[in-house]
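**Q** Sequence first, then the predicted structure:
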Amino acid sequence: MKLEGLHHITMITGDARATVDFYADLLGLRLVKKTVNFDAPEAYHLYFGDEQGSPGSILTWFEFAGAQPGTAGAGMVHTLQLGVRAPAALEFWEARLGAAGHATERTPDGLAFRDHDGLRLELVVDADGPELRAEHPDVPVEHALLGMRGARAYAGRALDADRALLTETLGFTETGEGAYLVEGGDQRFRWAYDVATARGRQGAGTVHHIAWHARDADHVAWQERAARAGMRVTPVIDRDYFDAIYFQQPQGILFEIATTSPGFAVDEDPRHLGEALRLPRQHERLRPQLERILAPIDNTRTAGATPAG
């Protein structure tokens with residue numbers, strides 16, 4: 001039994017419309033689902049990814065309108081890494097981000113920058129993984145983002161505090177001190193720790209949790225395995241587009257394990273993902289109220305775009 005790689009990563013934003021502007025308009029990702037937080041339905045939950053909303057491409061945000069900026073610190077993810085096909089793509093994104101007023105920095109692995117909330121992102125050249133692309137009229141296919149390739153976090157304790165959980169329970173491969181590789185199917189995802197120098201504060205621009213991708217048939221077995229490793233694991237929770245379990249691991253980071261099915265097309269035509277407000281079944285009765293509370297968000301995808309093959 002192996003994890004398939006990454007499923008999604010969820011962040012906090014103080015401005016949903018600015019998040020759509022940055023990730024859909026500027027970075028060219030597809031807004032694949034516009035819904036609300038299960039536990040706080042007055043807050044948007046937005047999902048971005050490739051054309052199909054494939055696991056491994058998904059970045060999601062809870063909007064807590066007006067949330068103050070947070071700071072990544074001990075026990076928190078601080079950098080998300082997205083793949084591009086070739087070095088020429090870094091030049092394209094350096095120019096595109098600069099023209100939009102976002103400073104960039106060349107790194108040993110690629111190109112780093114921050115989003116509108118201050119979240120650190122890094123583009124890394126990796127043509128070997130899956131090409132989980134979205135279509136955008138201003139982003140040439142050869143320069144499009146290809147999905148998530150890695151994430152870095154600040155350790156909440158010693159660098160090896162969760163080594164046994166990652167390697168023995170979850171099946172990560174250790175590649176160096178505080179560095180791991182998750183391989184499953186055609187995905188390869190790098191997970192690594194840096195030594196923390198300060199305590200963090202959750203807020204806009206910080207990561208709420210990271211979700212690993214499991215085959216549907218293995219989900220309950222992962223729940224049992226994590227529990228045997230001493231994790232306080234939630235019951236299986238139906239999140240409409242996948243089933244999920246959660247536990248806070250020894251570094252203090254909230255882990256989720258999510259299933260493949262039913263996927264984001266379960267309640268929308270694949271050609272029109274993210275166009276209408278979709279509500280969890282238990283909150284559908286609140287639609288009139290929520291449509292008054294939630295600031296309108298336009299899905300700016302080009303009309304008539306069709307999913308890539």
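**A** Great, that's in hand.

**Q** Could I get the full set of strands for the stretch 151-300 of the chain?
**A** Secondary structure of the stretch 151-300 of the chain by DSSP state E, counting those that start in this stretch: the strands cover 173-176, 179-184, 187-194, 207-214, 237-238, 242-248, 254-262.

**Q** Check which helices and strands the shortest one is in contact with.
**A** Pointing back at strand 237-238 there. Helices and strands in packing contact with strand 237-238 are listed as strand 242-248; criterion 3 or more C-beta pairs under 8 Å, 6 or more residues apart in numbering; DSSP states H and E. C-beta here means a position set from N, CA and C on the backbone, and glycine is covered the same way.

**Q** and the strand it packs on, what's its mean pLDDT?
**A** Predicted confidence along strand 242-248 averages 98 (mean pLDDT).

**Q** Mind listing the strands that strand pairs with, and their directions?
**A** Strand 242-248 pairs in its sheet with strand 237-238 (antiparallel), strand 254-262 (antiparallel), by DSSP bridges.

**Q** for R17, helix, strand, or coil?
**A** At R17 the chain is in helix, as set by DSSP: H, G, I helix; E, B strand; the rest coil.

**Q** and if you look at the one 4 residues further on?
**A** Three-state call for D21 (three-state DSSP): helix.

**Q** Against A127, how distant is it?
**A** Per C-beta to C-beta, to the nearest Å, D21 is found 29 Å from A127.

**Q** Can you show me the helices along this protein?
**A** With DSSP state H as the definition, the chain shows helices at residue ranges 16-20, 87-99, 163-164, 219-228, 287-293.

**Q** which other helices and strands contact the second one?
**A** To tie it back to what came earlier, the one meant is helix 87-99. Using 3+ C-beta pairs under 8 Å, 6+ apart as the contact criterion, the neighbours of helix 87-99 among helices and strands are strand 104-106, strand 110-114, strand 120-125.

**Q** could you redo the last one with a cut-off of 6 Å?
**A** Contact partners of helix 87-99 among helices and strands, from 3 or more C-beta pairs under 6 Å, 6 or more residues apart in numbering; DSSP states H and E: strand 110-114.

**Q** Spatially nearest residue to L26 (excluding sequence neighbours)?
**A** Closest residue to L26 apart from its sequence neighbours, by C-beta to C-beta, 6 or more residues apart in numbering: A100 at 5.7 Å.

**Q** One more: I237?
**A** Leaving aside its chain neighbours, I237 sits nearest to A244 (5.1 Å; criterion: C-beta to C-beta, 6+ apart).

**Q** Just list the residues touching the one you found, thanks.
**A** Contacts for A244 were tallied using C-beta atoms under 6 Å, 6 or more residues apart in numbering; they are I237, E256, A258.

**Q** Let's see that with 8 Å instead.
**A** Counting by C-beta atoms under 8 Å, 6 or more residues apart in numbering, A244 touches A211, T234, V236, I237, E256, I257, A258, T259.

**Q** Would you check that the third one makes contact with Y246?
**A** No - with contacts counted by C-beta atoms under 8 Å, V236 stays clear of Y246, the gap being 10.1 Å.

**Q** Was I right to think N37 contacts T60?
**A** No - in this structure N37 lies outside contact range of T60 using C-beta under 8 Å: 10.3 Å.

**Q** more neighbours, V236 and Y246?
**A** More neighbours surround Y246 than the other of V236 and Y246, with 18 against 15 (other C-beta atoms under 10 Å).
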